[in-house]
Structure formats: structure tokens, C-alpha cells
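1. Everything below, folded, please.
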Amino acid sequence: MPRASVEDGGQPLPELDETASRPAPLVLEHPVLKALLGAWALAACSAAETAAVEEHLGECGACADEALRLRGAVGLLHPVEPLDLDPGLRTRVLTGSVDRRPPRIPVPEWATPYDAETARLDALLQDIGDAEWHAPVRLRWFDGQAPTSRRTTVAGVIAHLLTVDGLVATALGLDDPLTGETADKATNPAARTEAYWRASYFPPTRSIRAPWREQSHTIVRTVSFTGTTTGKRAVSYGDFELPLHDAMLDRAFECWVHAEDIADAVDYPYEPPSPRSLNRMIDLAARMLPAVLAERRRHGLAAPAEGRHLVPAGDPGRSLRLEIEGHGGGEWLIPLDSPGAVGSAEREVAHIALDGVEFCHLAAGHVSPEDAAAGQLGDRGAIRDVLFATASLSRM
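-> Predicted structure coming up:
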């Protein structure tokens, strides 16, 4: 049987000899204590030395100042690292894994930006608390003439992504988040989003994350299993259509833009996409600009430039050189007078230089055309038309 403790046996507790249990403090001279300051700053002193140094610092102002400087230097040698994971960690791990063992059914190259951006947004959503799902978010875009916005919440933004991604899902033969007459009447992204918000009995909460994540995973799995020919299928946005491979890129772009909106609302660090994905997003916007320019001219929002004339499809026409700097950058020649024309360096009339992320923010309607920090050279009218057309690519 175990021995009974002193308390259980009724015996008196022994007297504590406080002087015997406490070690005698070190008595050190000032030069010795000053020499120990470096080791103290690095937490390399013994307990007795640490006590002696800290007692001395309360009495000697010069040593206290020196100790403060040494502690600052130690902080520079060991910078504080953030607890948040590097946003590119998942991509690097997956890339390394794929290099070692390629997947049996790979994701098509044109669908990888959507796969990457939905995964990054899902990682952000996993880190936020319940209350932050109700943080206010203002969706911003350019309606063709002026900036506009719509107030919602973090959960409302995910509901918006769910319903607009549903356009891609239905084109692939998958279930639509909207049902019945609502899905038949709401054909464009804004109408679908408003219809979903109105149909909800309560404002969306964090429960919206599960159907959005499942839908995005199902879309990626479907395009992976159906092969590369699926990318030629058309996805209707109501007022226009995009090939599936461009629609997936469009959805990746909007996922990143709205992830930044959410990150700003909950004070969370968020990085731009990888340079390769960013370049593809910029390329899609550049390819859409001639049609947007023509549409704005039809509605009187872009005055025809002096000397403008239509050219047959496939022939060179007046062009603007769009130079994108930084990660994902490059150069594009934008035909100005006809969507069917081909950009021509010989017929270049203007030149715009923009940072890649700045250009994407302009295309998302987060920067007004007047405020875009663009280097400009040449025909001012053509430059203005292209900047406004770029902002007009945005939508709710």
C-alpha cells in the first residue's frame, strides 16, 4: 500500500527553513555585470547571473540603456515571423508533389487558375471567426459611366460567387444553386445574385461556405474528367457568352478580387495570384477590350476618333500598345476601330504603361479610369477610351 502523507497521518508539518532553500544572491562588480549584458540579452545567463544583472539594471541607468540597445539588436537578429501561412505554400507543395508523381487525371491548364484561387479563398475562410462572416463588405464596380457599389457581408460575397459560378456549373450539366422560375428569369450575374439574396429567409452565414466549396470542387473535377475539349463549350452570362476556358479564367479573376474584398473587411493579409495566373487574367481582359470599345461606341459612351475607319476582319488597324509591368506583365496591341481588326505596331497611335495589379484593379472597377496610375503617350482620346473600356469590364 502507498505510504500515507504527513497531512493524512496527523503529524505536524516540518518547519520550512527559508534561508536554506533560497540560494545566496551573487555579488558581482560593475565591470563583470556590464560584461554579462550581452549574454543576458541572448538569455544565455544562469538564473543567479540573470537575477544579479536585472537587479543591477534597476540601479544603473547607463547599463539599462545598453541592455535596451542589446535587446533591440537581438530582435533584429531574430525577426518575428507571422503565424499566417504563406499563401503560396499550397501551390508549392502541390507543384512539388505533381513533379514527383503526376496525377492520373490532371486538371486542365486553363482551369488551374480557378482551382488555385478558390483554394486560396477557402483557406482564408477557414481562418476567420463566426462574427467575421457578418463583417460589412462593399462590392464595387464601374457601370460604364461612373463607379457604383452594393453593400453586403462576407457571407453575402460567398453567396454571390456561388450563384455566378453556377453559370459555369449549368454549362457543364451540373446542378444550379438557383432553382425553378428564379433560375429561368435571372440570367446575368447581378440578377442571379439579387435573386439568391432575396430568396434566403435569413442573411447568409458561414454555412454558405460548404455549398460554395463543394460546387467549386465539382466544377474542377468535371472539367478534369471530361478532358480538354470541354473548354470550347460556351457559357452564357446573359448579355454575352464566353468559351468555358475563358469563363473559368473570368471566375478565377473574380474569386481573387472578392477574396481581397473579404481580406480587407477582416484585416487579413492577401497576396495577388501567381505571375502565370495573373498574366492569363490580363490577357483575357486585353482580348475582350476591342468588343467592349465597340459596344461603348454603339451606346455613345466613346466618341469615334478623328480619322477612324472600319477595316475588314483580320486586317491591321489603328492600335494602342498596352504595356503591363511587374509580375505577369507583357505587351498587347489593342485594335481601336473594329473588333475584327488585328493590332498593328506600324499603326500604333497610343501607348499605355500600367502595373499588372493596378490594371486588374481597374478592370475590377476598384480604381476609376481617371485615377489609374498609367504612363500615357500618344492619342489622348484613344487612351481615355481604352481606360474607360477596361473599367467597363467590371460588373457586380
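2. My guess is residue 268 contacts residue 126. True?
-> No - using CB atoms under 8 Å, residue 268 is not in contact with residue 126; the gap is 11.2 Å. Placement of C-beta: from N, CA and C, glycine included.
3. who's more crowded, those two?
-> residue 268 (16 against 9; other CB atoms under 10 Å).
4. Poorly predicted segments of the chain, please.
-> The model of the chain has pLDDT under 70 over residues 1-25, 77-88, 90-91, 94, 97-103, 227-231, 303-310.
5. Verify the stated contact: residue 193 with residue 166.
-> No - here residue 193 lies out of contact with residue 166, judged by CB under 8 Å, at a distance of 10.2 Å.
6. Report the contact partners of residue 341.
-> Going by CB atoms under 8 Å, 6 or more residues apart in numbering, residue 341 touches 290, 311, 313, 314, 315, 316, 317, 335.
7. Distance check, it against residue 313.
-> 7 Å (CB to CB, to the nearest Å).
8. now do residue 217
-> In terms of CB to CB, residue 217 sits 40 Å off from residue 313.
9. So for the two, which sits in the more crowded spot?
-> Between residue 217 and residue 313, counted using other CB under 10 Å, residue 217 has the larger neighbour count: 14 against 10.
10. Which of the helices or strands spans that one?
-> helix 209-226 (DSSP states H and E).
11. Would you mark the buried spots in that helix?
-> Buried residues in helix 209-226, counted by 16 or more other CB atoms under 10 Å: 209, 212, 213, 215, 216, 219, 220, 222, 223, 224.
12. and it, C-alpha only, in PDB?
-> Provided in PDB are the C-alpha atoms of helix 209-226 (Å, rounded to 0.1, in the frame of the first residue of the first chain):
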ATOM      1  CA  ARG A 209     -19.100  28.100 -47.400                       C
ATOM      2  CA  ALA A 210     -19.900  24.300 -47.700                       C
ATOM      3  CA  PRO A 211     -22.100  24.600 -50.900                       C
ATOM      4  CA  TRP A 212     -19.700  27.100 -52.500                       C
ATOM      5  CA  ARG A 213     -16.700  24.800 -51.800                       C
ATOM      6  CA  GLU A 214     -18.400  21.700 -53.000                       C
ATOM      7  CA  GLN A 215     -19.600  23.400 -56.200                       C
ATOM      8  CA  SER A 216     -16.100  24.700 -57.000                       C
ATOM      9  CA  HIS A 217     -14.600  21.200 -56.300                       C
ATOM     10  CA  THR A 218     -17.200  19.600 -58.500                       C
ATOM     11  CA  ILE A 219     -16.500  22.100 -61.400                       C
ATOM     12  CA  VAL A 220     -12.800  21.300 -61.300                       C
ATOM     13  CA  ARG A 221     -13.400  17.600 -61.100                       C
ATOM     14  CA  THR A 222     -15.900  17.700 -64.000                       C
ATOM     15  CA  VAL A 223     -13.600  19.600 -66.400                       C
ATOM     16  CA  SER A 224     -10.700  17.300 -65.400                       C
ATOM     17  CA  PHE A 225     -12.700  14.100 -66.200                       C
ATOM     18  CA  THR A 226     -14.300  15.500 -69.400                       C
END
